[in-house]
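Enquirer: coords please:
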Amino acid sequence: MSKVVSTQRFKNARWQATVSSIFATITQKDDKLTSLNEILSLTKSKNTRYLGSQTILVENIIGSEGRYEDFNKNFLPLNDDLRERWATIDELHEKQVHLPPISVYKIDDYYFVRDGHHRVSVAKSRKQEYIDAEVVEYMVNVPITKELTAKHKMIIQEHTNFLEETQLDKYQGAEIRLTQPASYRVMMNIIRHYTEWHNTLNQTQMTFQEGAIDWYRRVFTPFAEDVYRNDILDEFPNRTTGDLYVWLQLNWVYMKDKVNGTMQYLNAAETGESIDEEQAKQVKDRNFERHLLRIIHDRREQVRYEPITMAVSGVLLYINEQGVIQIVVVKRKYHPFEGHWALPIAMLRSEETRTACATRCFEHVLGITSPIKVVNFQTFDEVDRTPWGRVISFGMLGIYYGENVRLSAGGVASEIQLVDLDKVPKLTFDHNEIVLNAYKYLYSIRNNFSFIKELFPDEIPLKYIINLLAKIRQIKQDHDELT
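Expert: I've put the predicted structure just below:
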């Protein structure tokens with residue numbers, strides 16, 4: 001009976017593939033599965049490293065090494081020849097037979113199947129969340145997207161060429177993301193102009209690559225700080241710090257007299273150009289100038305970064321009413337490391353305690369308004385822990401318990417994710433180290449009732465606390481074995 005059911009499930013998948021193909025034709029959207037070789041060509045990636053056996057997200061499997069014509073972008077089967085193998089795999093799933101791991105290549109956060117296409121197709125059709133895989137990673141310097149539309153592929157290619165020309169990927173934190181392919185070439189022209197201006201003014205022979213690093217330090221980084229300090233991207237969703245910079249730098253001749261003497265570092269890269277009608281379409285709307293001027297005038301804080309800045313890095317553990325334990329990570333909205341995963345952070349204000357700053361961080365970045373107990377478990381003060389000056393960070397640990405929490409990204413966050421304690425992704429800055437030290441702190445207080453009472457919510461069941469401490473102990477043991 002199960003074979004009959006699995007065969008019918010294959011027919012349903014084939015029908016879905018047919019409907020998807022028709023819809024793609026009507027809407028003129030690409031329904032094809034992405035080829036690994038195409039992405040390797042765009043990113044110019046050659047170096048690999050073996051990551052071993054891992055449990056990976058099925059939804060992050062987006063392409064294939066060699067069978068991209070047998071399945072569509074959602075891994076639905078495209079021909080009937082796949083039926084026998086597909087139905088057999090589905091039947092084994094139904095019988096809960098453990099299958100061997102698939103084999104994949106990893107690029108950025110996404111995966112391309114080398115072996116195991118039928119298993120992936122069945123897993124996606126069953127809405128399976130995770131799958132075991134042997135992973136080999138291609139090392140790339142540019143991010144890729146899940147959709148990989150024609151525009152996204154152009155952005156990847158232009159970003160790769162930009163880094164190849166400027167060598168900015170060799171400089172810590174200097175990853176600049178743009179949402180329009182042509183903007184990377186515009187930015188290279190700005191850097192070229194800056195280099196020529198610097199050489200003429202100072203009678204030097206700075207190369208283009210040296211000029212790019214100098215421009216990044218003296219022009220782009222101060223601009224990125226201003227954008228972050230004033231939360232300017234909050235007014236321009238789906239735009240990046242780089243997008244705002246390109247627009248403002250090209251319009252600087254026209255804009256500099258309107259910003260009350262601020263952002264004078266842009267004078268050094270002034271091109272004498274103003275954006276044309278086509279470039280104007282790249283900004284959010286026709287009110288871009290008006291919005292930007294209002295923000296600069298109304299929101300601008302006159303306080304600049306001091307030589308030493310104090311900050312809070314929040315480690316928030318979430319335990320739901322079923323006892324599932326996860327940690328909160330956010331995708332950064334601001335430069336540096338724009339679009340990368342990190343912990344929630346906030347800069348300490350002059351009138352705040354570190355506890356008050358952590359509370360504001362959880363509210364502004366995550367949208368949590370309920371009171372959360374927090375403790376400072378460690379201070380992180382390495383001199384070069386951030387790419388833009390000295391920042392000392394207080395590691396603040398909090399535990400949130402209750403019904404399914406509704407997190408709302410804000411502040412430095414464009415996206416929020418809850419992940420298992422032992423599946424924390426690669427984070428920016430020293431945030432993986434901060435997470436590990438938070439775990440070590442929990443392990444160190446496991447037998448101290450007063451510390452546990454200080455940290456854990458009063459209403460949390462004791463068995464959940466015991467489960468958390470057991471999980472922390474296992475993670476610590478695994479880490480100690482690796483080190």
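
Enquirer: now the element after the longest helix seen in the chain, going C-ward?
Expert: In the chain, with assignment by DSSP state H, the single longest helix is helix 2-27. Next in sequence after helix 2-27, counting helices and strands by DSSP states H and E, comes strand 34-35.

Enquirer: so how far is that following strand off the chain centroid?
Expert: Distance of strand 34-35 from its chain centroid, counting by CA atoms, centre = their mean, to the nearest Å, is 22 Å.

Enquirer: touching that strand from outside, list them.
Expert: With CB atoms under 8 Å, 6 or more residues apart in numbering as the test, strand 34-35 has contacts from 62-65, 68, 73, 112, 148. (Glycine included, C-beta is placed from N, CA and C.)

Enquirer: output those residues as JSON lines; include the columns neighbour count.
Expert: Shown next, in JSON lines, are the contacts of strand 34-35 (neighbours: other CB atoms under 10 Å):
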{"residue": "Ile62", "neighbour count": "22"}
{"residue": "Gly63", "neighbour count": "25"}
{"residue": "Ser64", "neighbour count": "24"}
{"residue": "Glu65", "neighbour count": "17"}
{"residue": "Tyr68", "neighbour count": "21"}
{"residue": "Lys73", "neighbour count": "19"}
{"residue": "Phe112", "neighbour count": "24"}
{"residue": "Leu148", "neighbour count": "21"}
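
Enquirer: from these, pick the one nearest Pro425.
Expert: Ile62 (16.6 Å; CB to CB).

Enquirer: from His152, how far out is Ile452?
Expert: Distance, Ile452 to His152, using CB to CB, to the nearest Å: 47 Å.

Enquirer: my error: substitute Glu363 in the last question.
Expert: In terms of CB to CB, Glu363 sits 34 Å off from His152.

Enquirer: do Trp341 as well
Expert: From Trp341 over to His152 the distance is 19 Å, taken as CB to CB.

Enquirer: equivalent analysis for Thr428, please.
Expert: 22 Å.

Enquirer: what of Leu82?
Expert: 28 Å.

Enquirer: these two touch, right, Met396 and Val315?
Expert: Yes. Applying CB atoms under 8 Å as the test, Met396 and Val315 come out as touching, 7.0 Å apart.

Enquirer: need the residues touching each of those two.
Expert: Common neighbours of Met396 and Val315 (CB under 8 Å, 6+ apart) are Phe377.

Enquirer: what ranges do the helices span in the stretch 251-400 of the chain?
Expert: Using DSSP state H, counting those that start in this stretch, the helices of the stretch 251-400 of the chain run over 252-255, 277-280, 288-299, 354-366.

Enquirer: can you list contacts of the longest one?
Expert: Residues external to helix 354-366 that are found in contact with it (CB under 8 Å, 6+ apart): 310, 312, 314, 316, 328, 330, 344-349, 352, 368-369, 371-372, 374, 376, 394, 396, 398, 407-413, 416.

Enquirer: show me these that map onto strands.
Expert: Among these, the members falling in strands (DSSP state E) are 310, 312, 314, 316, 328, 330, 345-347, 374, 376, 394, 396, 398, 413, 416.

Enquirer: which of those residues count as buried?
Expert: 310, 312, 314, 316, 328, 330, 345-347, 374, 394, 396, 398, 413, 416 (16 or more other CB atoms under 10 Å).

Enquirer: min pLDDT across those residues, which one?
Expert: Minimum pLDDT for those is recorded at Ala413 (84).
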